[in-house]
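Asker: this one's sequence-less:
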């Protein structure tokens, strides 16, 4: 299967830009639905502060990890740094750290991530459609392969369509997260499960990508590994609690 290097939608804009914008729209719509259905424990002013912290933290984290992933961006001068080189993993970790910092500054003890778990998962899946049609310019394709479903992104080399793998994974994960609404989990646990699952996925799937590595892992994989180790204690707690429920039930 092959696609042109960069698909454009009615010759108006690159597909990557269109689907990325659509991903934000879909994610925000799902967030508003979740907030209306499940309620929001934060007052308006505090909620706005947390959202602003999320946006700024995600933007900064995305850029920093993007630079680490491809230091060549820094070689072309400061004028060329900001437009490119964004990473989802950096955005998630940066946004999460910024939110925790802002909540601590405001004295907010409540966990607020559950409302965002499914919207982020679906939003990333939608955005990955644009990554797939972005071709070689998007730098999200996999390594060369001979599997029957390999895709030629424009250079004549069949590669793993890792964007499609991720879309499938995220849709399954969103379904699991929706099912977890029926279980009695601690506040914030669904977001922890989302982040732990996505970081674990990226750690594994990025072995199929031709990224520069340090000590055997890419910069994204190192960050994923740290995130997985950090959230593993929460996953262990949840598993232990469920085991206790079944043992007592």
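Answerer: Now that the structure is in, tell me what you want to look at. In this text the structure is predicted, and so the values were computed from the model without any measurement. Numbers count the residues shown, from 1 in each chain.
Asker: residue 86: what secondary structure?
Answerer: At residue 86 the chain is in coil, as set by DSSP: H, G, I helix; E, B strand; the rest coil.
Asker: which non-adjacent residue is nearest the spatially most central residue of the chain?
Answerer: Ranked by distance to the mean C-alpha position of the chain (CA atoms, centre = their mean), the top residue is residue 88 at 4.5 Å. Leaving aside its chain neighbours, residue 88 sits nearest to residue 124 (6.0 Å; criterion: CB to CB, 6 or more residues apart in numbering). C-betas here are computed from N, CA, C, even on glycine.
Asker: which residues are in contact with that neighbour?
Answerer: 23, 88, 166, 170, 198 (CB atoms under 8 Å, 6 or more residues apart in numbering).
Asker: surely it is in a helix?
Answerer: Yes: under three-state DSSP, residue 124 sits within a helix.
Asker: now, which of the contacts of residue 124 sits nearest residue 56?
Answerer: For the contacts of residue 124, the residue nearest residue 56 by CB to CB is residue 88; the value is 16.4 Å.
Asker: so which bits of stretch 170-182 are buried?
Answerer: 170, 173, 174, 177, 180 (16 or more other CB atoms under 10 Å).
Asker: can you tell me which of those residues are in strands?
Answerer: Among the buried residues of stretch 170-182, no member falls in strands (DSSP state E).
Asker: show me which pair in these is furthest apart.
Answerer: Once CB to CB is applied, the buried residues of stretch 170-182 give 170 and 180 as the farthest pair, at 15.2 Å.
Asker: now for the helix of greatest length in the chain, which elements pack on it?
Answerer: Criterion DSSP state H: the longest helix present in the chain is helix 219-248. Judged by 3 or more CB pairs under 8 Å, 6 or more residues apart in numbering; DSSP states H and E, the packing partners of helix 219-248 are helix 44-69, helix 88-106, helix 189-205.
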